[in-house]
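Undergrad: need a 3D model of the following:
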Amino acid sequence: MFEAKTYEAVLADILSRAPDGIDLRQGSIFYDAVAGIAFKIAKYYADLEQVFTLVFLPTATGDYLTMRAEEHGVYRQPPSPAKYKAEFTGTIPEPGTRFFADGHYFLLMQDDELGLYLEAETPGSAASDLPPGTPIVPVDTINGLTAASISEEIEPGTDEEGDESLRTRVQEKIAGPAENGNIQHYKTWCEEVPGVGRARIVPLWDGPNTVKGVLIDTDGAPASSAVVERVQEYIDPGGTGLGEGVANIGAHFTAVAATPFEVQISFSVTLAKGGVLSEVQAAAETALAQHIKEVNLTTSDGEAAILRISTVGNVIYALPGVLDYSGLQFNGATANIELPSEEVFTLGEVTVLETHALS
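TA: As a prediction, this is how the structure comes out:
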């Protein structure tokens with residue numbers, strides 16, 4: 001809006017308004033007197049441009065986007081801690097005991113349903129995906145405790161909801177009013193629950209007055225059982241249709257995790273000068289996982305999620321150390337993969353082979 005209000009433009013405008021006969025050359029008294037003022041005015045215009053960027057929904061970020069979302073009754077999902085079941089040999093520690101594992105601190109908690117479990121002290125995804133058998137060490141010595149380890153992950157941790165996810169939820173609520181138990185209403189209810197990154201709503205899936213919510217977590221993977229249970233309890237406890245949750249009386253809602261569809265990806269690369277195959281392999285796994293996450297979370301409702309050879313090829317081309325690639329396959333075939341609405345892609349094995357450029 002104020003792109004033209006540069007320092008040079010503002011200064012030229014001021015100089016053009018000087019009285020006749022005034023020396024306007026750089027270094028003159030008049031020039032030096034107004035140059036600093038012109039710089040300050042140009043900076044105010046730049047700041048004002050930034051203000052306009054932050055107050056409109058399509059361009060707002062951070063706290064400003066949070067405030068715009070709250071105007072529409074949509075709230076940024078906070079980070080949540082990872083939770084694990086643990087195995088103890090010898091003395092069973094008391095709730096509140098602190099443990100350390102793989103660079104993270106955990107607190108032993110107790111719940112009527114879960115019993116004893118470990119919860120990461122710092123919310124977020126960093127402490128997720130620790131494998132069973134990972135040793136856990138008590139911060140303080142516990143007499144009689146001879147061994148302790150993680151047995152299973154109850155619920156992965158999640159990071160604070162990102163700007164694009166929050167922006168999408170607000171825009172969807174504005175575009176499709178969430179009211180009277182319509183599809184958008186169920187979608188909004190599902191995505192209000194921490195841990196849900198995307199919900200796909202299936203009406204009349206088991207006859208009249210039935211609704212299914214297919215849940216994807218914030219990493220684009222099938223939602224954990226704990227998240228599914230929270231959504232079910234929030235919308236229609238037990239799926240009874242008694243109106244004990246936010247759903248209308250008579251509406252039987254069922255929350256389920258999306259079904260995973262594993263994709264094995266293989267291709268060959270010609271390395272650029274200085275490229276290292278092992279580094280390309282690691283970069284490919286990271287980039288492809290991120291691409292699959294975006295496909296799962298950004299596919300519009302009513303559209304099929306499609307993993308395309310062309311777009312994955314672009315991801316490979318962008319990898320550092322790659323000059324060219326060939327032979328890209330998904331699950332041994334060279335075709336795109338299209339999924340039904342209740343499935344999501346998960347990344348399986350990534351195989352990267354090296355071909356040599358002709359000299």
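Undergrad: what segments of the stretch 201-350 of the chain are helices?
TA: Along the stretch 201-350 of the chain, the stretches classed as helices by DSSP state H, counting those that start in this stretch are 225-235, 277-298, 309-317.
Undergrad: most tightly packed of these?
TA: helix 225-235 (a mean of 19; mean count of other Cβ atoms under 10 Å). No exception for glycine: its C-beta is placed from N, CA and C like everyone else's.
Undergrad: so which of the helices of the stretch 201-350 of the chain is nearest Phe2?
TA: Of all the helices of the stretch 201-350 of the chain, it is helix 277-298 that lies closest to Phe2, at 32.0 Å by Cβ to Cβ.
Undergrad: which strands and helices lie in contact with the closest one?
TA: For helix 277-298, the packing partners by 3 or more Cβ pairs under 8 Å, 6 or more residues apart in numbering; DSSP states H and E come out as strand 196-203, strand 259-271, strand 305-307, helix 309-317, strand 343-355.
Undergrad: could you redo the helices of the stretch 201-350 of the chain as TSV and give each row distance to Phe261 and mean pLDDT?
TA: Converted to TSV, the helices of the stretch 201-350 of the chain look like this (distance: least, Cβ to Cβ, whole Å; pLDDT from 0 to 100):
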stretch	distance to Phe261	mean pLDDT
helix 225-235	18	95
helix 277-298	10	95
helix 309-317	15	96
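Undergrad: would you list those in JSON lines and tack on distance to Asp20?
TA: Output for the helices of the stretch 201-350 of the chain, formatted as JSON lines (distance: least, Cβ to Cβ, whole Å):
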{"stretch": "helix 225-235", "distance to Asp20": "75"}
{"stretch": "helix 277-298", "distance to Asp20": "61"}
{"stretch": "helix 309-317", "distance to Asp20": "61"}
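Undergrad: and the ones you listed: which comes nearest Ile22?
TA: It's helix 309-317; of those, that one is closest to Ile22 (Cβ to Cβ) at 57.9 Å.
Undergrad: got the CA positions of the closest one in CSV?
TA: Taking Å, rounded to 0.1, in the frame of the first residue of the first chain, the C-alpha atoms of helix 309-317 are listed here in CSV:
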residue,chain,number,x,y,z
ILE,A,309,5.0,-38.2,-9.0
SER,A,310,5.5,-34.7,-10.3
THR,A,311,5.4,-32.9,-7.0
VAL,A,312,7.6,-35.4,-5.2
GLY,A,313,10.0,-35.0,-8.1
ASN,A,314,10.2,-31.3,-7.4
VAL,A,315,10.9,-32.1,-3.7
ILE,A,316,13.8,-34.4,-4.9
TYR,A,317,15.2,-31.8,-7.3
